[in-house]
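In: sequence first, predicted model second:
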Amino acid sequence: MPDPQRLVIATRASRLALWQAEHVRDRLRTLYPACEVELLTLTTRGDQILDRTLSKVGGKGLFVKELETALLDGRADLAVHSLKDVPVDLHAPFALSTVLERADPRDAFVSNDYPDLASLPAGAVVGTSSLRRESQIRAQFPHLVVKPLRGNLDTRLGKLDNGDYAAIVLAAAGLERLGLLSRIRGRLDPIDSLPAAGQGALGIEIRADRADMQAWLAPLACAATTACVTAERAVSRELGGSCQVPLAAYAEIEGDSLHLRALVASPDGQRIVRAEHRGLPAQAEGIGLTAARELLTGGADQILAELLRPESDPQ
């Protein structure tokens with residue numbers, strides 16, 4: 001197959017999304033020096049709605065719809081996403097073609113006044129955009145007040161600096177990518193704050209019928225990260241994972257083995273169900289399904305039933 005001559009990458013307009021798209025653009029230019037690689041910058045519904053939590057306005061799919069429209073109508077050849085924002089029930093005519101090597105998957109503690117969560121006084125306000133983080137913080141630090149935090153990375157940091165929050169919890173990878181390492185006071189151990197499925201990884205979405213794109217993008221794929229996120233996303237898919245569900249799934253390659261940990265929690269942190277499994281990386285999907293079913297039989301089914309009732313309000 002001949003090398004591509006021109007490729008257009010659809011991306012959100014936030015500074016972090018642009019960094020991610022530019023990273024993929026630069027990798028493609030290195031692979032295909034004669035190829036013209038351009039960015040198509042779009043604003044999504046998820047970027048526009050900032051006064052409500054994602055669980056109340058339609059979930060993470062709000063961050064990909066406009067980009068998918070550009071793939072469908074031919075304005076773009078590929079879309080670059082933070083993988084944790086890509087719905088796990090992605091179906092034709094779209095495909096998740098490529099998962100790049102993962103950055104730090106941990107959550108980061110950010111504060112101007114305190115070194116860690118344990119140092120925050122009773123009643124201190126912690127901001128987070130994630131029910132997953134909220135439930136785990138509430139479980140360990142019930143004396144803290146957890147409030148929603150929406151907006152792009154700069155907006156969230158601005159709200160912290162304005163004094164709206166004593167601390168905020170963000171993905172470490174995003175801060176690293178934007179050169180904001182100095183804002184990180186500490187990184188939360190996955191034992192204390194289990195990451196979201198796909199956190200820290202970049203995913204490339206294409207039209208499922210673009211075999212040419214699949215082939216051109218293949219050199220960007222990381223086999224180890226792909227195996228890990230396959231297991232993680234299998235957990236989320238089996239449990240109907242969405243922004244309404246405090247669900248975490250994180251896998252690591254340890255020697256020849258894939259080690260997966262997963263949990264489902266109630267938003268108040270009062271109930272947490274955990275599962276842990278190991279196996280060969282080639283069995284990633286099955287490892288994820290096994291963990292998900294163990295969570296369900298361990299009590300996650302009851303938590304999910306309560307959260308996903310139409311009248312349920314997870315906030």
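Out: That came through fine. Only a predicted model underlies this, so the values are computations on that prediction, with no experimental measurement involved.

In: domains for the chain, by residue range?
Out: 1-102+200-221, 107-187, 222-308 (the TED database).

In: okay, those domains, which one's buried deepest?
Out: Among the domains of the chain, domain 222-308 has the highest mean neighbour count (mean count of other Cβ atoms under 10 Å), at a mean of 20. Every C-beta, even on glycine, is put in place using the N, C-alpha and C of the backbone.

In: so what does the residue nearest to Ala95 when sequence neighbours are not counted have for phi and psi?
Out: In space, Ala95 comes closest to Ala208 once its chain neighbours are excluded; the distance is 4.1 Å by Cβ to Cβ, 6 or more residues apart in numbering. Phi and psi for Ala208, reported as degrees, to the nearest 10, are phi -60, psi -20.

In: strands of this protein, start to end?
Out: Ranges of strands in the chain, per DSSP state E, are 6-12, 36-42, 78-82, 94-99, 107-110, 125-128, 145-148, 167-171, 186-187, 202-207, 247-254, 257-265, 272-279.

In: show residues contacting the second one.
Out: Just to be clear, that refers to strand 36-42. For strand 36-42, contacts defined as Cβ atoms under 8 Å, 6 or more residues apart in numbering pick out 5-13, 18, 21-22, 25, 28-29, 66-67, 70, 75-76.

In: now with 7 Å?
Out: Among residues not part of strand 36-42, those counted as contacts by Cβ atoms under 7 Å, 6 or more residues apart in numbering are 5-13, 21, 25, 28-29, 66-67, 70, 75-76.

In: relative orientation of it and strand 78-82 in degrees?
Out: 60 degrees (axes from the mean of the first three to the mean of the last three Cα atoms, to 10 degrees).

In: contacting residues for the residue nearest to Ala95?
Out: Here Ala208 is in contact with Ala92, Pro93, Phe94, Ala95 (Cβ under 7 Å, 6+ apart).

In: let me see the backbone angles for the nearest residue to Asp256 once chain neighbours are set aside.
Out: Distances taken as Cβ to Cβ, 6+ apart place Leu280 nearest to Asp256, at 7.0 Å, with adjacent residues excluded. Torsion angles at Leu280 (phi, psi; degrees, to the nearest 10) stand at phi -70, psi 140.

In: I'm done for today, thanks for sticking with me.
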